[in-house]
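> no sequence on this one, just coordinates:
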């Protein structure tokens with residue numbers, strides 16, 4: 001059965017399937033409850049915990065992914081290396097590493113925290129709302145990618161200049177520039193001043 005907002009599940013520790021729940025948070029990022037994934041994204045949106053990963057190769061190029069066309073939220077647009085939501089009680093760092101492997105078939109050789117950012121981005125195409133308290137991570141990728149076609153339509157490594165060109169021409173996720181701008185200090189520390197980030 002295809003994964004849809006209504007059928008998306010994960011296995012609990014006792015092996016039963018359950019609906020995906022997100023961790024609701026207050027403005028300081030303190031957990032205040034849970035909500036089902038789709039309902040948390042219905043307007044006006046419920047503030048929930050999320051993460052965004054930015055991985056770079058040895059040349060200081062950022063790994064972008066194009067979201068698969070079958071995704072119910074922001075299909076076909078370009079975005080950062082990986083993004084998603086921790087399960088309730090799951091550490092954002094662990095969720096970021098887990099989803100990077102699930103989506104791209106690779107574990108980062110380095111992954112470091114890069115701060116947090118809070119935003120509210122409606123998606124005009126789907127009508128859904130990204131009301132998120134987002135944990136940012138930067139790192140390195142040094143292994144060949146094995147993308148999951150259900151999650152990832154395409155990948156590309158880009159320099160800062162190539163990203164500017166692509167961003168002017170291709171559709172990107174509504175949250176992309178917000179999370180990239182918030183992560184830039186950590187990105188510059190990771191890639192060095194000559195990379196141009």
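Sure, I can see it. For clarity, every value in this text was computed on a predicted model and none was experimentally measured.
> Packing partners of the lengthiest helix in the chain?
Secondary structure assigned by DSSP state H gives helix 176-191 as the longest helix of the chain. With contacts defined as 3 or more CB pairs under 8 Å, 6 or more residues apart in numbering; DSSP states H and E, helix 176-191 has these neighbours: strand 48-56, strand 110-122, strand 129-140. The way it works is simple: take the backbone N, C-alpha and C, and place the C-beta from them, glycine included.
> Okay, buried residues for that helix please.
176, 178-180, 182-183, 186-187, 190-191 (16 or more other CB atoms under 10 Å).
> follow-up on the earlier one: JSON lines for the helices and strands packed on helix 176-191, including mean pLDDT and distance to residue 23?
Below are the helices and strands packed on helix 176-191 laid out as JSON lines (pLDDT from 0 to 100; distance: least, CB to CB, whole Å):
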{"stretch": "strand 48-56", "mean pLDDT": "98", "distance to residue 23": "4"}
{"stretch": "strand 110-122", "mean pLDDT": "96", "distance to residue 23": "14"}
{"stretch": "strand 129-140", "mean pLDDT": "97", "distance to residue 23": "9"}
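> closest one to residue 98 among those strands?
Counting by CB to CB, residue 98 lies closest to strand 48-56 out of the helices and strands packed on helix 176-191; the figure is 10.0 Å.
> Could you check the angle that closest one makes with strand 129-140?
In terms of direction (axes from the mean of the first three to the mean of the last three CA atoms, to 10 degrees), strand 48-56 departs from strand 129-140 by 30 degrees.
> The helix or strand following strand 48-56 vs strand 129-140, what angle?
Sequence-wise, the next helix or strand downstream of strand 48-56 (DSSP states H and E) is strand 62-67. On the basis of the same axes, to 10 degrees, strand 62-67 is oriented at 140 degrees to strand 129-140.
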